[in-house]
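J.: Just the structure for this:
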Amino acid sequence: MISDDPQAVRRIVNRLRRARGQLDGVINAIENEAPCRDVVTQLSAVTSALDRAGFAIISTAMRECLSEDAKPSDEESSGAEVAEASSDASSAQESLTRTGDAKLTTAELEKLFLMLA
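T.: Model (predicted):
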């Protein structure tokens, strides 16, 4: 499962559906012998849409992972292990934001990933 958040899943599925529609456009352009420039433009749009969907999936999973690391997850963890995991998650989040805000939005994480691409 990508996320426990139904809105996040809906957004990702919508992105993938848009990419599928754009891919259908590429196929139609090729079948109808459209100019090469049009095919490449459509193909570029598909690639971008899939990249954005992938980044959305990664950022959603990372956000949930960081949130889970910040909470005590099971009874087997000692207090020191929980404190260390929480500290590591907090440090990771703080290093990603200049304002010191401990929470990043999914959109902010996506932008960070896009900057790396």
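J.: and the gap between residue 54 and residue 60?
T.: In this view, residue 54 and residue 60 are 11 Å apart by CB to CB, to the nearest Å. For every residue, glycine as well, the C-beta is placed using N, CA and C.
J.: So these two - more neighbours on which side?
T.: residue 60 (21 against 15; other CB atoms under 10 Å).
J.: Can you classify that one as helix, strand or coil?
T.: Here residue 60 is recorded as helix under DSSP: H, G, I helix; E, B strand; the rest coil.
J.: Tell me which residues touch residue 110, please.
T.: 52, 55-56, 59 (CB atoms under 8 Å, 6 or more residues apart in numbering).
J.: 10 Å - rerun?
T.: 52, 55-56, 58-60, 63, 104 (CB atoms under 10 Å, 6 or more residues apart in numbering).
J.: Quick check: next helix or strand after the helix or strand bottoming out on mean pLDDT in the chain?
T.: Of all the helices and strands that make up the chain, helix 79-96 has the lowest average by mean pLDDT, DSSP states H and E, namely a mean of 47. Scanning forward in sequence from helix 79-96 by DSSP states H and E, the next helix or strand is helix 106-116.
J.: Only alpha carbons, please: show that following helix as CSV.
T.: The C-alpha trace of helix 106-116 is given here as CSV (Å, rounded to 0.1, in the frame of the first residue of the first chain):
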residue,chain,number,x,y,z
THR,A,106,3.9,16.4,0.5
ALA,A,107,4.1,19.2,-2.1
GLU,A,108,7.3,20.5,-0.4
LEU,A,109,8.9,17.0,-0.5
GLU,A,110,7.9,16.7,-4.2
LYS,A,111,9.6,20.0,-5.0
LEU,A,112,12.8,18.8,-3.2
PHE,A,113,12.8,15.6,-5.2
LEU,A,114,12.2,17.5,-8.4
MET,A,115,15.2,19.8,-7.7
LEU,A,116,17.4,16.7,-7.5
